[in-house]
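*Asks:* below are the sequence and a predicted model; questions follow.
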Protein chains: 2
Amino acid sequence: MPLAPLFRPIDVAPAYQKVADAIEREIVNGRIKPGDPIGTEHDLVRQFGVNRSTIREGIRVLEEGGLISRDSSRRLHACLPRYSKLASRLSRALVLHEVTFRELYEASMTLEIASIEGAVERATEENLADLTDNLARSEAVLGDPAALAECDAEFHVLVAKASQNRVLQLAREPAAQLFYPTTEMIVTGVAEGGPRLVAAHRHLIDAIRRRDCEVGVLWTRRHLQDWRRGFERIASLDRSVEHMYMEHAQAARRR
Amino acid sequence: MPLAPLFRPIDVAPAYQKVADAIEREIVNGRIKPGDPIGTEHDLVRQFGVNRSTIREGIRVLEEGGLISRDSSRRLHACLPRYSKLASRLSRALVLHEVTFRELYEASMTLEIASIEGAVERATEENLADLTDNLARSEAVLGDPAALAECDAEFHVLVAKASQNRVLQLAREPAAQLFYPTTEMIVTGVAEGGPRLVAAHRHLIDAIRRRDCEVGVLWTRRHLQDWRRGFERIASLDRSVEHMYMEHAQAARRR
DNA sequence: GGCCCTAACTTTGTCGGACAAAGGGACGAA
DNA sequence: TTCGTCCCTTTGTCCGACAAAGTTAGGGCC
């Protein structure tokens, strides 16, 4: 029979990690609210009793995690992590794991259908206005594949927003970010691609406005199947997402 | 008419950020492969021509992003970001955004159904063996809510794995991590909770083995509805996920 | 009194150097 | 060969320093 343990495992984390953990704890448990100032590096040096270099390493960790950021005057304050930034981390991970477009397609089918269902059920007038505005802009840039692809990405973000479900919003984003560059390629290569894309968006807005779930789901399916058909003219669905696609995700992250 | 621009915007990012970006680029575009050594801090000092403090700040950024890590002897090497670690960042974000359990429930319903559908279609013998093993362990710890909740979380990770869709695996994880602590509470508070949970798992494994999609979806629905009923005995679905839940996610991240 | 401009102060980003602790490798002894 | 020891490297941390950019305070001007 083993002895009752006398000692707890000791915490051997490096100091910068402990600094980051301590600040993270205060933010996550709500004692520091988003927007609250964190104090200057010198303040933290005094509070934690470690060197400024150590503090700065801890700050980098939190900054990268999106928990704190620097305002225009570079002062530190807590903030709400932004979905698009976090999602781009995930997109990056998916690329490194070499997921296939088939996985992307299948997951997106599920996620986008769930989004439209939520949107049909709960979209507000404001959501609809945003979507309509997006549609108008899409029509205006029909001849510009890059701009159209960007509009398409934004359209689906808006649909997800209209679902009023932030978990869904977050869950769909990583896959969606990887779609974006291929959409541009498809619209460039397939003549009827642009008009079909915009037509699908119009039907989706209509379905949301009329609260017609079935039509919404139908057109989401068609929209994604269109993407698939277009993509398969270029490459196989079983191809893994390639590294070049990351450039777009990186650009999106900085925005 | 505006003049044609003579100059490109110059890059004013701080040096540590440039260091991180440069290394990230090499990893993401594949010139440095997961597992490859990055070199010592001193090497990087020489290569980038900046101070070691600056290099170290850049390293922290990449480390937090999961792109590089240190092995047993603390040497740096590139690595594949781990889903569970990234997902816990997202879980943390969801908590800070104060998402409701209703959002969590709705999104999970979609994601877990998609997982089981994929698993029914594509699960391998090995997946089934893992699931069966998990079931056995669950039965063994029926009296221990914390252990059972952990088994439940693992079960659904295994189902997602069996779907062979890594995008789905990643998408479901943040929401799933937030479920875990409530499962423990429910199993503790509701006497028949544990047995029902294990029974549902048994039916799910059975459905996967027999490739019976309908039954799989049915039991996933029931399983989640059970959770919902249990949860509603404790609190309203419209309550936002609270800060205390993060403690579990944090523990999971370090693992 | 209110507003603008300058000067002093703060804060950040970066640098150079320093040292203890821990790990790895080489070298010699058994 | 295996073991133990010594040395070197690497990391984590500290100290002090400085330029650039931002902030604050004070004084002069309307």
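*Replies:* Received it, and whenever you're ready, just let me know what you need. For clarity, every value in this text was computed on a predicted model and none was experimentally measured. Numbers count the residues shown, from 1 in each chain, chains lettered A, B, ... in the order given.

*Asks:* A:G58 and A:E24, how far apart?
*Replies:* 9 Å (C-beta to C-beta, to the nearest Å). Every C-beta, even on glycine, is put in place using the N, C-alpha and C of the backbone.

*Asks:* neighbour-wise, which of these two wins?
*Replies:* Taking other C-beta atoms under 10 Å in any protein chain shown, A:G58 and A:E24 do not tie; A:G58 has more neighbours (26 against 21).

*Asks:* where does pLDDT dip in the stretch 101-250 of chain A?
*Replies:* Within the stretch 101-250 of chain A, the stretches with pLDDT under 70 are A:243-250.

*Asks:* where do the helices of it begin and end?
*Replies:* A:101-122, A:125-140, A:145-162, A:166-189, A:193-209, A:213-234, A:246-254 (DSSP state H, counting those that start in this stretch).

*Asks:* which stretch among those comes nearest DNA strand C?
*Replies:* helix A:246-254 (15.6 Å; C-beta to the nearest atom of the strand).

*Asks:* what does the stretch 1-150 of chain A put close to chain B?
*Replies:* Residues of the stretch 1-150 of chain A lying close to chain B (C-beta under 8 Å from any C-beta of the partner chain) are A:16, A:27-30, A:34, A:53, A:56-57, A:60-61, A:63-67, A:80-81, A:83, A:86, A:89-90, A:92-97, A:99, A:103-104, A:106-108, A:110-111, A:114, A:118.

*Asks:* please parse chain A into its domains.
*Replies:* With automatic domain parsing as the criterion, the domains of chain A are listed as A:15-78, A:83-254.

*Asks:* burial of A:G230, as a residue count?
*Replies:* By other C-beta under 10 Å, neighbour count at A:G230 equals 20.

*Asks:* ok, for A:P174, nearest residue in space, not its chain neighbours?
*Replies:* Closest residue in space to A:P174, ignoring its immediate chain neighbours: A:L90 at 3.6 Å, by C-beta to C-beta, 6 or more residues apart in numbering or on different chains.

*Asks:* buried residues, the regular element (helix or strand) spanning the one you found. List them.
*Replies:* According to DSSP states H and E, A:L90 maps onto helix A:83-96. For helix A:83-96, burial by neighbour count (16 or more other C-beta atoms under 10 Å in any protein chain shown) applies to A:83-96.

*Asks:* so what pLDDT did the residue of the stretch 51-200 of chain A found nearest DNA strand C get?
*Replies:* Relative to DNA strand C, the nearest point of the stretch 51-200 of chain A is A:R74 (4.3 Å; C-beta to the nearest atom of the strand). If you check A:R74, the pLDDT there is 84.

*Asks:* got it, and A:A252?
*Replies:* If you check A:A252, the pLDDT there is 50.

*Asks:* now check stretch A:35-53, is it near DNA strand D?
*Replies:* Yes - figure legend: stretch A:35-53 in contact with DNA strand D (C-beta under 7 Å from any atom of the strand); contacting residues A:G49, A:V50, A:N51, A:R52, A:S53.

*Asks:* so which of these also contact DNA strand C?
*Replies:* A:R52, A:S53.

*Asks:* out of the residues of stretch A:35-53 next to DNA strand D, which are buried?
*Replies:* The buried subset of the residues of stretch A:35-53 next to DNA strand D - by 16+ other C-beta under 10 Å - is A:V50, A:S53.

*Asks:* tell me which two of the residues of stretch A:35-53 next to DNA strand D sit farthest apart.
*Replies:* Taking C-beta to C-beta as the measure, the residues of stretch A:35-53 next to DNA strand D span a maximum distance of 13.6 Å, between A:G49 and A:S53.

*Asks:* and chain A, which residues reach DNA strand C?
*Replies:* So chain A meets DNA strand C at A:T40, A:E41, A:H42, A:R52, A:S53, A:R56, A:R70, A:R74, A:R75, A:L76 (C-beta under 7 Å from any atom of the strand).

*Asks:* let's see 10 Å
*Replies:* Residues of chain A lying close to DNA strand C (C-beta under 10 Å from any atom of the strand) are A:12, A:37-45, A:51-53, A:55-56, A:59-60, A:63, A:70, A:73-76.

*Asks:* and the helix holding A:L90, what does it pack against?
*Replies:* Helix A:83-96 sits against helix A:166-189, helix A:246-254, helix B:15-28, helix B:83-96, helix B:166-189, with contacts defined as 3 or more C-beta pairs under 8 Å, 6 or more residues apart in numbering or on different chains; DSSP states H and E.

*Asks:* okay, it in PDB with CA atoms only?
*Replies:* Output of helix A:83-96 as PDB, limited to C-alpha atoms (Å, rounded to 0.1, in the frame of the first residue of the first chain):
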ATOM      1  CA  TYR A  83     -12.900  35.600 -33.100                       C
ATOM      2  CA  SER A  84     -11.300  36.200 -36.500                       C
ATOM      3  CA  LYS A  85      -7.900  36.400 -34.900                       C
ATOM      4  CA  LEU A  86      -8.300  33.200 -33.000                       C
ATOM      5  CA  ALA A  87      -9.800  31.500 -36.000                       C
ATOM      6  CA  SER A  88      -6.800  32.300 -38.100                       C
ATOM      7  CA  ARG A  89      -4.700  30.400 -35.600                       C
ATOM      8  CA  LEU A  90      -7.000  27.400 -36.100                       C
ATOM      9  CA  SER A  91      -6.800  27.800 -39.900                       C
ATOM     10  CA  ARG A  92      -3.100  27.800 -39.700                       C
ATOM     11  CA  ALA A  93      -3.200  24.600 -37.600                       C
ATOM     12  CA  LEU A  94      -5.500  23.000 -40.100                       C
ATOM     13  CA  VAL A  95      -3.100  23.800 -42.900                       C
ATOM     14  CA  LEU A  96      -0.200  22.400 -41.000                       C
END
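
*Asks:* what's the angle between it and helix A:166-189?
*Replies:* 60 degrees (axes from the mean of the first three to the mean of the last three C-alpha atoms, to 10 degrees).

*Asks:* quick check: mean pLDDT of helix A:83-96?
*Replies:* Rounded mean pLDDT across helix A:83-96 is 91.

*Asks:* and that helix, how far out from the chain's middle?
*Replies:* Remark: helix A:83-96 is offset 7 Å from the chain centroid, using C-alpha atoms, centre = their mean, to the nearest Å.

*Asks:* same check on stretch A:146-155?
*Replies:* 15 Å.

*Asks:* hmm, back to that, closest one to B:C213 among the helices of the stretch 101-250 of chain A?
*Replies:* Set against B:C213 and scored by C-beta to C-beta, these come closest in helix A:101-122, at 13.9 Å.

*Asks:* which residues touch the residue nearest to A:P174?
*Replies:* By C-beta atoms under 8 Å, 6 or more residues apart in numbering or on different chains, A:L90 lies in contact with A:E173, A:P174, B:L86, B:L90, B:L170.

*Asks:* same check on A:V217?
*Replies:* A:I113, A:I116, A:E117.

*Asks:* then A:Y16?
*Replies:* A:T54, A:I55, A:E57, A:G58, A:V61, B:R60 are the contacts of A:Y16 under C-beta under 8 Å, 6+ apart.

*Asks:* now, which of the residues you listed sits nearest DNA strand D?
*Replies:* A:T54 (3.6 Å).

*Asks:* what is the neighbour count of A:G118?
*Replies:* 25.

*Asks:* which secondary structure state does the residue in the stretch 51-200 of chain A positioned nearest to DNA strand D sit in?
*Replies:* Distances between the stretch 51-200 of chain A and DNA strand D by C-beta to the nearest atom of the strand are smallest at A:S73, namely 2.8 Å. For A:S73, the assignment made with DSSP: H, G, I helix; E, B strand; the rest coil gives coil.

*Asks:* A:H77 now?
*Replies:* strand.

*Asks:* residues in contact with it?
*Replies:* Contacts of A:H77 by C-beta under 8 Å, 6+ apart are A:G35, A:D36, A:P37, A:I38, A:I68, A:S69, A:R70, A:D71.

*Asks:* thank you, goodbye.
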